[in-house]
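Asker: 3D model of this:
(chains A, B, C, D, E, F, G and H)
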Number of protein chains: 8
Amino acid sequence: MELIVYLAGQIHDDWREQLRQGAQARNLPIRFKGPQENHDLSDEIGERIKGTQPNAVYRDHVASEVNNLRTRVWMQKADIVIALFGEKYRQWNTAMDASMALALNKPLILIRPESLHHPLKELAQRAQLVVETPEQALDALAYLFKE
Amino acid sequence: MELIVYLAGQIHDDWREQLRQGAQARNLPIRFKGPQENHDLSDEIGERIKGTQPNAVYRDHVASEVNNLRTRVWMQKADIVIALFGEKYRQWNTAMDASMALALNKPLILIRPESLHHPLKELAQRAQLVVETPEQALDALAYLFKE
Amino acid sequence: MELIVYLAGQIHDDWREQLRQGAQARNLPIRFKGPQENHDLSDEIGERIKGTQPNAVYRDHVASEVNNLRTRVWMQKADIVIALFGEKYRQWNTAMDASMALALNKPLILIRPESLHHPLKELAQRAQLVVETPEQALDALAYLFKE
Amino acid sequence: MELIVYLAGQIHDDWREQLRQGAQARNLPIRFKGPQENHDLSDEIGERIKGTQPNAVYRDHVASEVNNLRTRVWMQKADIVIALFGEKYRQWNTAMDASMALALNKPLILIRPESLHHPLKELAQRAQLVVETPEQALDALAYLFKE
Amino acid sequence: MELIVYLAGQIHDDWREQLRQGAQARNLPIRFKGPQENHDLSDEIGERIKGTQPNAVYRDHVASEVNNLRTRVWMQKADIVIALFGEKYRQWNTAMDASMALALNKPLILIRPESLHHPLKELAQRAQLVVETPEQALDALAYLFKE
Amino acid sequence: MELIVYLAGQIHDDWREQLRQGAQARNLPIRFKGPQENHDLSDEIGERIKGTQPNAVYRDHVASEVNNLRTRVWMQKADIVIALFGEKYRQWNTAMDASMALALNKPLILIRPESLHHPLKELAQRAQLVVETPEQALDALAYLFKE
Amino acid sequence: MELIVYLAGQIHDDWREQLRQGAQARNLPIRFKGPQENHDLSDEIGERIKGTQPNAVYRDHVASEVNNLRTRVWMQKADIVIALFGEKYRQWNTAMDASMALALNKPLILIRPESLHHPLKELAQRAQLVVETPEQALDALAYLFKE
Amino acid sequence: MELIVYLAGQIHDDWREQLRQGAQARNLPIRFKGPQENHDLSDEIGERIKGTQPNAVYRDHVASEVNNLRTRVWMQKADIVIALFGEKYRQWNTAMDASMALALNKPLILIRPESLHHPLKELAQRAQLVVETPEQALDALAYLFKE
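Answerer: Below is the predicted model:
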């Protein structure tokens, strides 16, 4: 039985690819979905589809219409949500996705460096599992299938 | 008919008091609830109740047990959630509260300076209303009662 | 035990006042809520609160942020939703409110002139009760309290 | 992973076929469902199954029993709902379907000519995405699958 | 803390009055609601409000529009539903109300003579409590308040 | 896309087989599920599994434990519920299943002879479709798949 | 604003009274509800209402019909559930109540001696707050009201 | 149509294997899922993934993060939950899983020796089916598929 895992978080390095390859190496029947990882495309998608907007606020608004469409569709299909936080960026959309998973009663795995334990303490307390690396998240996913 | 409004966001200045006084000045039948605003108490509450924990991560964990208890109780009673973001701090718990409101189908008013429009774009797109100041949020609350 | 009734529909004549007075004349313990009935205010409220927008589409967008906030708050509190359709105007927001009531499992009373039976047939079939005049809706409300 | 998209809206031109062919041309794994597009059949289906009714109102009532059955079954299976509005017709059933999608927490893509922005402003504000042409909706669907 | 109890079942004798008086005699803080107990009024209410219908089927249809409106409003407010079955009548609306209570997760007390145990076995098995007389139901209600 | 249809109702004639064969003859992609149609087995299943019970009431209770298990499992998987009522028997479990379908928001097709319109009026008013014969129900199912 | 707290757990000592008095001493606006604390009455209530049952299993069954009725009614009204475990007794109904609170999304405070940390580890991990004494639970309740 | 059955309960003997083999021998299309049955692995999994914890309470906490992740994922996919209680162990996690199944509206089959009828009476009363042996549970599962 295949599981669907949504990968919320920054799109500035290749942590998702790391998870995908790790799952494949372990033969885990998992399908990963996530946001658009091409950062420029993600920022421009609203205007590419709907045309130039009158200012930067509305440019962001229309990009978010499309990006949130993508997030909602795949997160609704997910059995598990993994949210990764790093030292850089504000990552409020990651926090939004993580919290949405909580409220939708989807088990949430939070990945964050220990250094972030204080600002993420409320989210961590409500997550199903808190780890520090994608490799640890993979260990937990593997455990689900271990008879 | 009284409305209950939960005020999510930082606890470093008196923006909640500003809203409370503004609502009173306009005679709005609103009861505001929110997190513990005494910052030290908020950080220490877990150990005050449960005793000293073995390290800083678990100190934060037990504080969040109590703070999340408070947030959950009052947010479940809220008719509207207001989330305020400022320039400082990571404010991931604010993002969590805001997103929880979305998922619970409670109308969300997002207050943020225009300068934050880019990092908050996904949350803004799903909020019911986005404004820049507590005074504007108060205008919207007043509109609910205007016959 | 007081009931709350949300009155969805056009704001171009005084049908809501007619219902309010009729309920009072019959001593029904009903509190009516509804949208902002001042049409200009309803169209301008977004820009009044958030400032001038770059074009007419966004002017409407911000007005709807505030008007939908109002609708959502009061409809969530409603025990019954009444939606009135007339010959004039497109009234798509009325259809939206009526359908939202259906999906929220709130009993819907649809008021429409018989002449509109064809375009409203799908909505009528899913309403709890279909009548032609506010007076008939009032008869049904009175019946709820008749021991 | 295939997605199911419900196409709400008028049945007077071939916009659904346009979407189906566009999706096929782009190799998108999407299955489209929608209402009965044969207009006469749609109006007559109640009487064809249940026999002649005593008047036009009840003729419409029984047709809607069957048409709403169809809409409910396929919309419940849909991952995304697209609602298209045009210049003609009252299209209240389209507004009903669109609003039902909102209330069921299914992402809604609203297609409408810019000229309709005012009467559709409340629905547009709550849609996940608003565009003006089926081609733009297709662009957004394609984006969901773009790795 | 007052409880609201909905009384589903036949309207041919005074079993509801018996419960009301019993609760009063025991000083139980309970408010009872139920269907219209005037049988003629209940059958005629549709045509009284909406006018004469073309045949008996549609006469019943419009009466049920109004009676179901009443049932839905009060049942949604109920903390407990009591459904009474007797030897006479088909009582399918009672079965509908009882089952609706189950599906809405409202505790159901089923009152039925032992002689009906076989035809009511499925409903009995899913009820929270099965008794044979209104007096026994009253005993159970009294137990809720016994400190 | 296959649909699952649950067939609630009496198990004294072969109306289910009639529907199964009709669907097959029309090539409809429908899988039918329903209660145990062997009447003796249905009544005895509790004691067959759990052993002899102390009296007839408890014999029925344990049979219903197993029969309701079956009903709940398949009804939860159903896209549509069909409930058939006939002239004979009290059929309260049919009414329970029909009402459960309503409350679970599953479209309900009610089949009943016209002669039963009065005792079934409340259930009929809330069903999605009311017909008089299995053949008519089949017509409606076929319509769902008609492009 | 008064909160309702349901007190699940053993009924062999006066821990509930301790909480009630503590809350009163601190002027907390809390109303406590809970199971019947008279142990004999709790075990006999089924037979007192429904008459003697044929054996001990069914005696327990009917007692649980009434006791579960009470638990369900008050737990549905509760804003918070407190579940206390002690060294003695199997306390499976306490575990049931605690878990029901989790599934109903009601914040759960778990009170257990540290010695029970191993057998209660799964429940503890999903509780909102874990403490060792009723006094600590009271501290947390007081914190909710501390402005 | 395959059913998924989650097997909650102790992991100290091979009752799950007994069910798996019995289902296979009867050719039942059932897929069983359950907790990690290697007891040492189950207790150590938290520290294996997250590293040594400061004390036994937190060791259990982290193990439960991973074990509850597993339970939640598979229970959400289950059509039926079976919970087995035996004479030994406190089995509070079994009670938690059983109760979670009730609250998620998943049919629960409770297996317990008759000797445990008193401490399990509340849970038994709310289960869909109570039996004494895995073989009896298998009989009930087989009945679901018996045409």
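Asker: make it CA atoms for all contacts and neighbour counts henceforth
Answerer: Will do.
Asker: if I pick residue A:109, what's in contact with it?
Answerer: Counting by Cα atoms under 8 Å, 6 or more residues apart in numbering or on different chains, residue A:109 touches A:80-83, A:127-131, A:137.
Asker: from these, which two are the most distant?
Answerer: Greatest spatial distance in those: A:80 and A:131, 14.7 Å, computed using Cα to Cα.
Asker: which of the two has more neighbours?
Answerer: residue A:80 (25 against 19; other Cα atoms under 10 Å in any protein chain shown).
Asker: phi, psi of the closest residue to chain F within chain A?
Answerer: The minimum distance from chain A to chain F, using Cα to the nearest Cα, falls at residue A:77 (17.5 Å). Dihedral pair for residue A:77: phi -90, psi -10, per degrees, to the nearest 10.
Asker: for residue A:7, same thing?
Answerer: The phi/psi pair for residue A:7 (degrees, to the nearest 10) reads phi -110, psi 100.
Asker: and what of residue A:111?
Answerer: According to degrees, to the nearest 10, residue A:111 has phi -110, psi 120.
Asker: any idea of the pLDDT on the residue lying closest to residue A:10 once chain neighbours are set aside?
Answerer: Distances taken as Cα to Cα, 6 or more residues apart in numbering or on different chains put residue A:91 closest to residue A:10, at 6.8 Å, once the chain neighbours are dropped. Per-residue confidence at residue A:91 stands at 93 (pLDDT).
Asker: which SSE is the residue most central in space within chain A in?
Answerer: Nearest to the mean C-alpha position of chain A, counting by Cα atoms, centre = their mean, stands residue A:8 at 0.6 Å. Element membership of residue A:8, judged by DSSP states H and E, is strand A:3-9.
Asker: just for chain A, where's the confidence low?
Answerer: Chain A contains no residues with pLDDT under 70.
Asker: now do the one residue in it that gets nearest to chain C against residue D:125, distance only.
Answerer: Proximity of chain A to chain C (Cα to the nearest Cα) peaks at residue A:54, 6.3 Å away. Here residue A:54 is placed at a distance of 18 Å from residue D:125 (Cα to Cα, to the nearest Å).
Asker: strands of chain A, residue ranges please.
Answerer: A:3-9, A:30-33, A:80-84, A:108-111, A:129-131 (DSSP state E).
Asker: can you lay out the ones you listed as TSV showing distance to residue H:63?
Answerer: As requested, those are exported to TSV (distance: least, Cα to Cα, whole Å):
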stretch	distance to residue H:63
strand A:3-9	21
strand A:30-33	22
strand A:80-84	18
strand A:108-111	14
strand A:129-131	10
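Asker: out of those, which is closest to residue C:62?
Answerer: Per Cα to Cα, nearest to residue C:62 of the strands of chain A: strand A:3-9, 29.3 Å.
Asker: tell me the strands beside the closest one, with direction?
Answerer: strand A:30-33 (parallel), strand A:80-84 (parallel) (DSSP bridges).
Asker: among these, which is the most enclosed?
Answerer: Greatest average neighbour count among these goes to strand A:80-84 (a mean of 25), per mean count of other Cα atoms under 10 Å in any protein chain shown.
Asker: export that strand to CSV, keeping only CA atoms.
Answerer: Taking C-alpha atoms only, strand A:80-84 is exported to CSV below (Å, rounded to 0.1, in the frame of the first residue of the first chain):
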residue,chain,number,x,y,z
ILE,A,80,1.7,12.4,6.0
VAL,A,81,3.1,15.9,5.9
ILE,A,82,6.8,16.6,6.4
ALA,A,83,7.7,20.3,7.1
LEU,A,84,11.4,21.3,7.1
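Asker: got the contact list for it?
Answerer: Residues from elsewhere that reach strand A:80-84 (Cα under 8 Å, 6+ apart): A:3-10, A:75, A:94-95, A:97-98, A:101, A:106-112, H:73.
Asker: hmm, 7 Å instead?
Answerer: Strand A:80-84 has contacts (Cα atoms under 7 Å, 6 or more residues apart in numbering or on different chains) with A:4-9, A:94, A:98, A:101, A:106-112.
Asker: could you tell me which of the residues you listed count as buried?
Answerer: A:4-9, A:94, A:98, A:101, A:106-112 (16 or more other Cα atoms under 10 Å in any protein chain shown).
Asker: need the residues of chain A near chain D, please.
Answerer: Contact residues, chain A versus chain D (Cα under 7 Å from any Cα of the partner chain): A:36, A:49-50, A:65-66, A:69-70, A:73.
Asker: quick revisit: give me the number of residues near the residue of chain A closest to chain C?
Answerer: Count around residue A:54 with other Cα under 10 Å applied: 12.
Asker: how far away is the closest residue to chain E within chain A from residue B:103?
Answerer: Using Cα to the nearest Cα, the single residue of chain A nearest to chain E is residue A:105, 19.3 Å away. According to Cα to Cα, residue A:105 stands 10 Å off from residue B:103.
Asker: neighbour count for those two, which is higher?
Answerer: Each of residue A:105 and residue B:103 had its neighbours counted (other Cα under 10 Å), and the higher figure belongs to residue B:103 (18 against 15).
Asker: isn't the more buried one up against residue A:99?
Answerer: No - here residue B:103 does not reach residue A:99: they are 8.4 Å apart, not a contact under Cα atoms under 7 Å.
Asker: list the contacts of the residue sitting furthest away from the middle of chain A.
Answerer: Seen from the C-alpha centroid of chain A, the residue lying at the greatest distance (Cα atoms, centre = their mean) is residue A:54, 30.1 Å away. Applying Cα under 7 Å, 6+ apart, we find residue A:54 in contact with residue C:54.
Asker: show me what from chain A comes close to chain B.
Answerer: Residues of chain A lying near chain B (Cα under 7 Å from any Cα): A:57, A:60-61, A:64-65, A:68, A:90, A:92-93, A:95-96, A:99-100, A:103-104, A:117-123, A:125.
Asker: and these, which of them are buried?
Answerer: A:60-61, A:64-65, A:68, A:90, A:92-93, A:95-96, A:99-100, A:103, A:117-118, A:120-123, A:125.
Asker: out of those residues, which are close to chain H?
Answerer: Near chain H, by the rule Cα under 7 Å from any Cα, you find none of these.
Asker: please narrow those to those residing in helices.
Answerer: A:60-61, A:64-65, A:68, A:92-93, A:95-96, A:99-100, A:103, A:121-123, A:125 (DSSP state H).
Asker: which one is residue A:20 nearest to, not counting chain neighbours?
Answerer: Using Cα to Cα, 6+ apart, the closest residue to residue A:20 is residue A:32 (7.1 Å).
Asker: pretty sure that neighbour contacts residue A:8?
Answerer: No - contact criterion Cα under 7 Å: residue A:32 and residue A:8 do not qualify, at 10.5 Å.
Asker: how near is the spatially closest residue to residue A:30 that is not a sequence neighbour to residue E:12?
Answerer: Sequence neighbours aside, residue A:3 is the residue nearest to residue A:30 in space, at 4.9 Å (criterion: Cα to Cα, 6+ apart). Note on residue A:3: its distance to residue E:12, by Cα to Cα, is 56 Å.
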